[in-house]
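In: any chance you can model this:
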Amino acid sequence: MKRAEWVISELGLESLMLAGVSIGWLKAWVLAAGASEVAVRLPGGDQQSSVDWQIFLASREELAVIAQGYDGEDRIALVNPDRDCLHFRAGGCQALLLPLGDVAYQRGAWLAALNDGEAMRPLYVSADASLPLKLEAGLYGSFHQPAGASILNAEGLLPEEQVIAQLKQQGLSVRTVESCTAGSIIARLCRIPGASEVVDRAWVTYTNQAKQDAVGVDAAVLEQDGAVSQAVVCGMAEGGADDSHLCIAVSGIAGPGGGSPEKPVGTVWIAVARQGSITVTRCLHLTGARSEIQARTVVAAVCLLLEYLSKN
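Out: Here you go, the predicted structure:
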C-alpha cells in the first residue's frame, strides 16, 4: 500500500470549489486506487516529500515551477478540457502534476497512471452517515460493503454521474422545480459532460405566485398547506413533468429564519414525478447552516431521483 499526498495551491482550491468537488472525494478516489493513507496540504516546504504518490493541483504557471524539481516526464492526455497531465517517476515514487480543470471527470486517466492500471478497490457510496468516509455533506463511503445501508454504487461514482447515465439508458429527460435550492439541483446535474442530452429545463419558484405561474400549483393548496408541504411539492413536480420528462421538485426552509414549531428550519419536502406514474416524496429534517441545508437537500434530491430511476 502507498502513502499519498495531495498538494493543492490556492488556485487549485478555488478550481475545486467552482467545480463542486470536495477534498473528501479526492482522498477517497486515491485510496480506492491503492493508497493506504492520503494527506492534503498547500504547496511549500519540501516539495519532494517522503510519500510514494504526490499529486499536485495548480495553475499551469505554478506547475511549471514545480516541474523543475523533477526529471523524465510523461504526458497523459486529458480529454476535457484539452490539456495534459505531467507524470514523473523517481525510483519507487511518482508525481502527478494536474492542471486546473475537470479533475473529477478525467480521474480515470490520472488514477490509472498513478496505480499502473491496477483495478480500483470497490468504493461503496451511500447517504448513510454510519459509513467511515465523509465524501461531502450528505454522502459517505466505505471500502467494505456495509450491512443494512442503501448503496448508490460500488465504483466511487458521483451520484450525478449515475443519474445522467440512467436517464440516457432509459431514454428520459429531467426537469427541476426548485425553491430553497435555487437551481442548485439542475446545476449539479449539468456538471457532467453530456448532460445536455438529458437535462431539459428548470424553474426557480421561490414565491407562491411563481409556483402558480410556472407550474400551475393550486393557489388553494398553497393557502391550506403552505409552500413547504407534501401537497405543494407534489404539485410542483407534477406540474413540470410529462410522459418523457421526469421532474424533481423541492420546497423547504433553509434558514436561519422562517421556521415555526410545526415546520422548523431544515424541514424540506422533495418529490419526483412523471406523467402516468405515482409521485414519490420524501420529507427531510436537516440541521446546520443555510448552505449546509441547501447542499444536503441537493444530495438528497439527486439520490431520490436515482432511487426513482432504479424502480421505474
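In: make it CA atoms for all contacts and neighbour counts henceforth
Out: Noted.
In: doesn't Tyr124 lie inside a strand?
Out: Yes. Counting by DSSP: H, G, I helix; E, B strand; the rest coil, Tyr124 is part of a strand.
In: what about the closest residue to it other than its chain neighbours, how many residues nearby?
Out: Sequence neighbours aside, Ala154 is the residue nearest to Tyr124 in space, at 4.1 Å (criterion: CA to CA, 6 or more residues apart in numbering). Ala154 has 17 neighbours, counted by other CA atoms under 10 Å.
In: the one 3 residues further on too?
Out: The local packing count at Leu157 equals 16, with neighbours defined by other CA under 10 Å.
In: domains in this protein, by residue range?
Out: By the assignment in automatic domain parsing, the chain contains the domains 2-121, 158-311.
In: identify whichever of the ones you listed lies nearest to Phe143.
Out: Checking the domains of the chain against Phe143 by CA to CA gives domain 2-121 as the closest, at 7.0 Å.
In: what's the span of the closest one from first residue to last?
Out: End-to-end span of domain 2-121 (CA to CA, to the nearest Å): 14 Å.
In: quick one: mean pLDDT for that domain?
Out: Per-residue pLDDT over domain 2-121 has a mean of 90.
In: what about the residue nearest to Leu135 when sequence neighbours are not counted, which helix or strand?
Out: Closest residue to Leu135 apart from its sequence neighbours, by CA to CA, 6+ apart: Gly24 at 4.3 Å. Element membership for Gly24 (DSSP states H and E) is helix 23-32.
In: list the contacts of the residue nearest to Tyr124.
Out: Each residue near Ala154 by CA atoms under 8 Å, 6 or more residues apart in numbering is listed here: 122-125.
In: one more: Ala104?
Out: Listed by CA under 8 Å, 6+ apart, the contact set of Ala104 reads Val21.
In: that older thread, okay, the residue nearest to Tyr124: pLDDT?
Out: 97.
In: going forward, begin numbering at 8 instead of 1
Out: Sounds good: first residue 8 from here, last item Ala161.
In: what's it sitting at in phi/psi?
Out: Phi and psi for Ala161, reported as degrees, to the nearest 10, are phi -120, psi 20.
In: dump the domains of the chain into CSV; add distance to His151 as well.
Out: Output for the domains of the chain, formatted as CSV (distance: least, CA to CA, whole Å):
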stretch, distance to His151
domain 9-128, 9
domain 165-318, 18
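In: so which of those domains is the most surrounded?
Out: Stretch with highest mean neighbour count among these: domain 165-318 (a mean of 19; mean count of other CA atoms under 10 Å).
In: compute the first-to-last residue distance for that one.
Out: Terminal residues of domain 165-318 are spaced 19 Å apart (CA to CA).
In: next: stretch 60-71.
Out: Distance between the two ends of stretch 60-71: 19 Å, counting by CA to CA.
In: can you list the neighbours in contact with that stretch?
Out: 9-19, 100-107, 121.
In: just how off-centre is that stretch within its chain?
Out: 24 Å (CA atoms, centre = their mean, to the nearest Å).
In: that's a helix at Ala244, yeah?
Out: Yes. Membership of Ala244 in a helix is supported by three-state DSSP.
In: for Trp210, see how far away it is.
Out: Applying CA to CA, the value for Ala244 to Trp210 is 11 Å.
In: next one: Trp32
Out: 29 Å.
In: ok, now Lys270?
Out: Going from Lys270 to Trp210 by CA to CA gives 24 Å.
In: could you do Ala227 as well?
Out: For Ala227, the distance to Trp210 (CA to CA) stands at 21 Å.
In: which residue is nearest the middle of the chain?
Out: Averaging the C-alpha coordinates of the chain gives a centre point, and the residue nearest to it by CA atoms, centre = their mean is Leu165 (5.3 Å).
In: ok, which stretches of this protein are helices?
Out: With DSSP state H, the ranges of helices along the chain come out as 17-26, 30-39, 67-74, 114-121, 166-177, 191-196, 215-222, 226-232, 237-247, 297-318.
In: need the ones you listed in a markdown table with distance to Val86, can you?
Out: Formatted as a markdown table, these follow (distance: least, CA to CA, whole Å):
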| stretch | distance to Val86 |
| --- | --- |
| helix 17-26 | 16 |
| helix 30-39 | 19 |
| helix 67-74 | 16 |
| helix 114-121 | 9 |
| helix 166-177 | 17 |
| helix 191-196 | 19 |
| helix 215-222 | 38 |
| helix 226-232 | 48 |
| helix 237-247 | 35 |
| helix 297-318 | 26 |
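In: can you say which of the ones you listed is nearest to Gly266?
Out: Once those are compared by CA to CA, helix 297-318 is nearest, at 12.2 Å.
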